[in-house]
Each structure stands twice: as structure tokens, then as C-alpha cells.
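[1] Compute the structure for the input listed below.
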Amino acid sequence: MTEGASILLLDDDPDVGLAAQLLLQRRVAPITSLRRPAELPAALERLQPTLLLLDLNFGPGRTDGAQGLQLLAQVQARPRPPVVVVMTAYADIDLAVQALKRGAFDFITKPWDNVRLITTCREALQRAQPALAASGPLEPAPAEVPEPLRSLAAQERAAVLAAMAEAEGNLSAAARLLGLSRAALYRRLDKHGL
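    Alright, predicted model coming up:
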């Protein structure tokens, strides 16, 4: 478990909250679950989580992610926002690109792969650790904080997402940026659940 870290989950499905809590509580960090977006501002203020797992759709029939992207923007506008990992059952590349451009650390598709969710949460908390240390006593921050080591699969996924974001979702342009054929890019998108 990451020392001093905490996770806040906002998802309107109570089963998702329970599953995340059972999975992450002992393996990653303490987790608090919320079901209503209106509860988020007060919970962020009260709990000051290190990581926010944010669903992108709330209410029946919503699949465009607009609600979650709006909440993401509100969270990012806060002083010292938590690291945000967005989650949705209705994933597409454009939505992932939009979320990453707006400051999300990563994008998880539900139902999630347990190992991937744990790894993503741990990496997000590692990313947040320099910020936690900097918000402590008045000590000078190191000039440069090294990027935490990530698995090769995580690096590949990050590179694919970055290329997709830079190419604004254009698969041919993203493939060129990565030095891949479109077919190879499609295989990697499928491999990483994108």
C-alpha cells in the first residue's frame, strides 16, 4: 500500500464501488466510494484524496461521457487536484483522447482487468507522490523528479494514447507517429482495450 495515499471513487453503480473497494483497499490504498456527482466537491475538500477514479457517465442512457468530462475539468481547476483516472463502460478512442487531453492520467474500461486497475492506480499514486511531498513542510523541491518506472506494457499503452492524442484520433497519423502500420496500431489498440 502507498503510505499516506487515498482513493476516491465516483461511480453511480454501487456494485462497481463495492468491487473497486474490495480490490483496491488492501492492495493499493484506502478507498471511499461516492454515487452522486453532487457529492464530489465536498468529498474532495473533506478527504483530499490522492487519486480520483471518475466514471464518465451518470444516469440511465448516458454514454457520451460529457458529464464525466465536465467533472474532470472542475477537478483539474482545483488547487492541488488529485490524479484522475477516468472509467467507463462505453469506451471509444475519441473519449479516451479527450479525457487525456483534459488532464486524466489514464483511462480504464469497465469491466476492468483487476491487474491492470491495480497497476494503473499504483502508477497514478507514484505520479502523485512528488506532489504530496511538495505540499508538506517548506523544503525545496528537487530540481527534477525522475519518472517512476513503468512496465513495458504500460509504456506502450501510454505511447499509443499519446500518439492518438497528438494525432487527434486520426489512426493513420497516429500510426505514422509510432512508426507502425495501421494494422499494427489496430492490434495494439485491441491489446490495450482502447
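[2] In this structure, where is pLDDT below threshold?
    In the predicted model of the chain, residues 1-2, 91, 130-152 satisfy pLDDT under 70.
[3] Just the strands from it, written as ranges.
    If DSSP state E is used as the criterion, the strands of the chain fall at 7-10, 31-34, 51-55, 83-88, 106-109.
[4] Turn those strands into a markdown table, columns for distance to Ala96.
    Using the backbone N, CA and C atoms, a C-beta is placed for each residue, glycine as well. Shown next, in a markdown table, are the strands of the chain (distance: least, C-beta to C-beta, whole Å):
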| stretch | distance to Ala96 |
| --- | --- |
| strand 7-10 | 18 |
| strand 31-34 | 23 |
| strand 51-55 | 13 |
| strand 83-88 | 8 |
| strand 106-109 | 4 |
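[5] Identify, out of these, the most deeply packed stretch.
    Mean neighbours per residue, mean count of other C-beta atoms under 10 Å, is largest over the strands of the chain for strand 51-55, with a mean of 27.
[6] Have a look at the chain and report its longest helix.
    Identified as the longest helix of the chain according to DSSP state H is helix 114-134.
[7] picking that back up, which one of the strands of the chain lies closest to Gly17?
    Closest of those to Gly17 is strand 31-34, at 3.5 Å (criterion: C-beta to C-beta).
[8] Quickly run through the sheet partners of the closest one, with directions.
    Within its sheet, and counting by DSSP bridges, strand 31-34 is paired with strand 7-10 (parallel).
[9] Please parse this protein into its domains.
    For the chain, automatic domain parsing gives the domain ranges 7-134, 152-191.
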